[in-house]
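>>> just a sequence and a predicted model for now, questions to come.
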Number of protein chains: 2
Amino acid sequence: MHSQTAISQIRHQIAPFAPLGDRVPTLRDLFKSQPIETFTAGEAIFWEGDPAGQIFDVLEGVLRVYRILSDGRRAITGFIHPGDVLGVSFQNRYLFTAEAVTEVKIRRFGRGRFFSMINETPALRPQLFAILCDEMSAAQDQMLLLGRKTAEERVVSFLFAIHRKRAEGADIELPMSRQDMADYLGLTMETVSRMMTSLARRGFIVLGPRHTVTLRRLAALREIAGHDKDEADAPASPLRRAVWPN
Amino acid sequence: MHSQTAISQIRHQIAPFAPLGDRVPTLRDLFKSQPIETFTAGEAIFWEGDPAGQIFDVLEGVLRVYRILSDGRRAITGFIHPGDVLGVSFQNRYLFTAEAVTEVKIRRFGRGRFFSMINETPALRPQLFAILCDEMSAAQDQMLLLGRKTAEERVVSFLFAIHRKRAEGADIELPMSRQDMADYLGLTMETVSRMMTSLARRGFIVLGPRHTVTLRRLAALREIAGHDKDEADAPASPLRRAVWPN
DNA sequence: CGTCACTTTGAAAGCTTTCAATAGGAGTGG
DNA sequence: CCACTCCTATTGAAAGCTTTCAAAGTGACG
């Protein structure tokens, strides 16, 4: 089952690192030597339950990762953007399906080689750890959102998260459908739509063409999104040094 | 702030591993040389926002880990049981508060030394990775539960998860309050109570004394809990070998 | 310019919450 | 050992937020 996986059988000769000069290798450098693959919107990169054989570096486009209940209910557990690495936090099998929301360009790398490289290159280990910590952090945020936030707070939190992660200005792009957003936020697409309309009517956002949204009154929005206790007054954590001593 | 942390300043001489003979060291062996500390019910082990300085091996008791919104809404993101290791998946600061549900006995280990040991001991790395993967897996399950399951499914899923993780027979222990369960399941304590009563009335569970519950008709319960698509017919994954090649 | 898919909007229904009161249980003190 | 108190759990009834069901609107694309 799950055999319609879109994974083609590609095997490349070992080419540990592309030329880096004297630079410390980055995790994502590992992928540099791999060919770029393209997936069209709607295509799956891998399926829940597939043997977790590979790790992916996302270059372009947006993916959704999700799980489905037996009766068809779907929960999107995350959206993956360019710069993200997909598929690390698995032991044997992928725990979710990864599907292209837009056209997507990726590079893939075998898990065996991936972890070999990490074993051989101490400098990579803190980076792997950082990825896993970021994934956990996002999951924590999402559990708080799903467990305790209202529909409006969820939508605004989502807009804010996209803004923080992706935006250059006040404009953000929402390439996913309302149904995708709903399945990510634990709502129905109608509720998402109503919240978007309501936010627009009250002047918090402007719905632009082609899946773009402009955020207005960021401070007010942040308030609506809801935040952790003490997070408000606490100064943004200045220290950002790597924790894994290497 | 958060300075009322229950972390006492303990510094011990380096004692890399307690005697192990020729056995391959286990991650939890690291803690063996550390003194056992006891926390009483309700006490915090660390607070959200504290510098993430230490890692904990839980020997006895149950903890809850949670985050709180500014208006007081609480989301418990997990319960920690004996055998679990707490506090690994952080970069700089703890992302949640950890509090004793019952009396708890733990050992602690500094993060610096912890990661040093892992750097020096390749055999430990797959174990650390496994912990992080398990945490992610649990978080995924929880997102599916919070985002797409009904109140009854959430409660049954919870009972089942406890059963799978902790039970020797059909009896399980729920040392946490209804409010704790509610904050974990994204419900109110009243709804949790109603679901428990309803399950008992229909013969799916028996509410025993002292926070014990007996599960009846496991198969029927499993059906109520909801499961992933294909999970039903798929044979339990037989392969369980470590994925990190070392 | 027509079609198809997605989005928005409306109205009613439903599940969970809220508010309130009763019941139960553990610990304390007489 | 029993009464008392406090805290937690249960139960009831009404309210509310989100969902469901339905229909109209919008936009992309051939």
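Yep, that arrived.

>>> so where do the helices sit in chain A?
Per DSSP state H, chain A carries helices over the ranges A:111-120, A:125-148, A:151-166, A:178-185, A:189-201, A:218-225.

>>> would you turn those helices into JSON lines with mean pLDDT and distance to B:Q142?
In this view, the C-beta of every residue, glycine as well, is placed from N, C-alpha and C. Output for the helices of chain A, formatted as JSON lines (pLDDT from 0 to 100; distance: least, C-beta to C-beta, whole Å):
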{"stretch": "helix A:111-120", "mean pLDDT": "94", "distance to B:Q142": "25"}
{"stretch": "helix A:125-148", "mean pLDDT": "97", "distance to B:Q142": "6"}
{"stretch": "helix A:151-166", "mean pLDDT": "96", "distance to B:Q142": "16"}
{"stretch": "helix A:178-185", "mean pLDDT": "98", "distance to B:Q142": "15"}
{"stretch": "helix A:189-201", "mean pLDDT": "98", "distance to B:Q142": "21"}
{"stretch": "helix A:218-225", "mean pLDDT": "94", "distance to B:Q142": "21"}
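
>>> out of the ones you listed, which is closest to B:E173?
Minimum separation from B:E173 across the helices of chain A (C-beta to C-beta) falls at helix A:125-148, 23.0 Å.

>>> can you tell if the closest one touches DNA strand C?
No: using C-beta under 7 Å from any atom of the strand, helix A:125-148 never reaches DNA strand C; the gap is at least 8.9 Å.

>>> for that helix, list the C-alpha coordinates in CSV.
Only the C-alpha atoms of helix A:125-148 are listed here, as CSV (Å, rounded to 0.1, in the frame of the first residue of the first chain):
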residue,chain,number,x,y,z
ARG,A,125,24.9,18.0,14.8
PRO,A,126,23.8,21.2,16.4
GLN,A,127,22.0,22.1,13.2
LEU,A,128,20.1,18.8,13.2
PHE,A,129,19.3,19.4,16.8
ALA,A,130,18.1,22.9,16.0
ILE,A,131,15.8,21.6,13.3
LEU,A,132,14.2,19.1,15.7
CYS,A,133,13.8,21.8,18.4
ASP,A,134,12.2,24.2,15.9
GLU,A,135,9.8,21.4,14.9
MET,A,136,8.9,20.8,18.5
SER,A,137,8.5,24.4,19.2
ALA,A,138,6.1,24.8,16.3
ALA,A,139,4.2,21.7,17.5
GLN,A,140,3.8,23.2,20.9
ASP,A,141,2.5,26.4,19.5
GLN,A,142,0.0,24.5,17.5
MET,A,143,-1.2,22.5,20.4
LEU,A,144,-1.8,25.6,22.4
LEU,A,145,-3.7,27.1,19.4
LEU,A,146,-5.8,24.0,18.8
GLY,A,147,-6.5,23.3,22.4
ARG,A,148,-7.3,26.8,23.7
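
>>> tell me how chain A divides into domains.
With domains defined by automatic domain parsing, chain A comprises A:27-143, A:149-225.

>>> buried deepest among those domains, which one?
domain A:27-143 (a mean of 19; mean count of other C-beta atoms under 10 Å in any protein chain shown).

>>> touching chain B at all, it?
Yes: contact of domain A:27-143 with chain B (C-beta under 8 Å from any C-beta of the partner chain) involves A:48-49, A:52, A:67-75, A:77, A:89-93, A:95-96, A:111-112, A:115-116, A:119, A:122, A:125, A:130, A:132-133, A:135-137, A:139-140, A:142-143.

>>> residue contacts, the nearest residue to A:T38 once chain neighbours are set aside?
Leaving out its chain neighbours, the residue that sits closest to A:T38 by C-beta to C-beta, 6 or more residues apart in numbering or on different chains is A:K105, at 5.3 Å. Shown in contact with A:K105 (C-beta atoms under 8 Å, 6 or more residues apart in numbering or on different chains): A:36-39, A:58-61.

>>> likewise A:G226?
Going by C-beta under 8 Å, 6+ apart, the list of residues near A:G226 reads A:149, A:153, A:157, B:69-71.

>>> again, but for A:I68
The neighbours of A:I68, taking C-beta under 8 Å, 6+ apart as the test, are A:48, A:74-75, A:97, B:228-229.

>>> now do 7 Å
Residues near A:I68 by C-beta atoms under 7 Å, 6 or more residues apart in numbering or on different chains: A:74, B:228-229.

>>> same deal with A:V24?
Applying C-beta under 7 Å, 6+ apart, the residues contacting A:V24 are A:A123.

>>> residues in chain A within reach of DNA strand C, list them.
Taking C-beta under 7 Å from any atom of the strand, the part of chain A that reaches DNA strand C is made up of A:177-179, A:189-190, A:192-194, A:196-197, A:207.

>>> farthest pair in those?
The distance between the two most remote of the residues of chain A next to DNA strand C (C-beta to C-beta) is 17.0 Å, for A:Q179 and A:L207.

>>> now A:G53: closest residue in space, sequence neighbours ignored.
A:G53's closest residue in space is A:R111 (C-beta to C-beta, 6+ apart), at 5.9 Å.

>>> distance of A:Q140 relative to DNA strand C?
From A:Q140 over to DNA strand C the distance is 20 Å, taken as C-beta to the nearest atom of the strand, to the nearest Å.

>>> thought that residue was touching B:F90?
No: the pair A:Q140 and B:F90 fails to qualify as a contact (C-beta atoms under 7 Å) at a distance of 10.3 Å.

>>> which ones are touching the most centrally placed residue in chain A?
Centre of chain A computed as the mean C-alpha position; nearest residue by C-alpha atoms, centre = their mean is A:I80, 2.8 Å away. Counting by C-beta under 7 Å, 6+ apart, A:I80 touches A:58, A:62-63, A:65, A:86.

>>> now tabulate those residues in a markdown table and tack on pLDDT.
Formatted as a markdown table, these follow (pLDDT from 0 to 100):
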| residue | pLDDT |
| --- | --- |
| A:V58 | 98 |
| A:V62 | 97 |
| A:L63 | 98 |
| A:V65 | 98 |
| A:L86 | 98 |
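
>>> which among these gets closest to chain B?
A:V65 (9.1 Å; C-beta to the nearest C-beta).

>>> what residues are bridge-paired with that closest one?
Beta bridges link A:V65 to A:G78, A:A98 when assigned by DSSP bridges.

>>> hmm, it is touching A:V101, no?
No: A:V65 is not in contact with A:V101 according to C-beta under 7 Å; the separation is 10.3 Å.

>>> returning to what we had before: show me the contacts for the spatially closest residue to the residue nearest to the centre of chain A that is not a sequence neighbour.
Nearest residue to A:I80 in three dimensions, chain neighbours excluded: A:L63, at 4.1 Å (C-beta to C-beta, 6+ apart). By C-beta under 7 Å, 6+ apart, the residues touching A:L63 are A:45, A:79-80, A:86, A:98-101, A:104.

>>> A:D180 too?
A:D180 neighbours (C-beta under 7 Å, 6+ apart): A:64, A:76, A:101.

>>> just A:E153 next, same as before
Contacts of A:E153 by C-beta under 7 Å, 6+ apart are A:224-226.

>>> A:A52 now?
A:87, A:90, A:92-94, A:111.

>>> now, which of the residues you listed sits nearest A:D183?
Taking C-beta to C-beta as the measure, A:D183 sits nearest to A:Y94 out of these, at 18.0 Å.

>>> quick check, pLDDT for the closest one.
Note for A:Y94: predicted pLDDT of 97.

>>> surely it meets A:E48?
Yes: with contact defined as C-beta under 7 Å, A:Y94 counts as touching A:E48 (5.8 Å).
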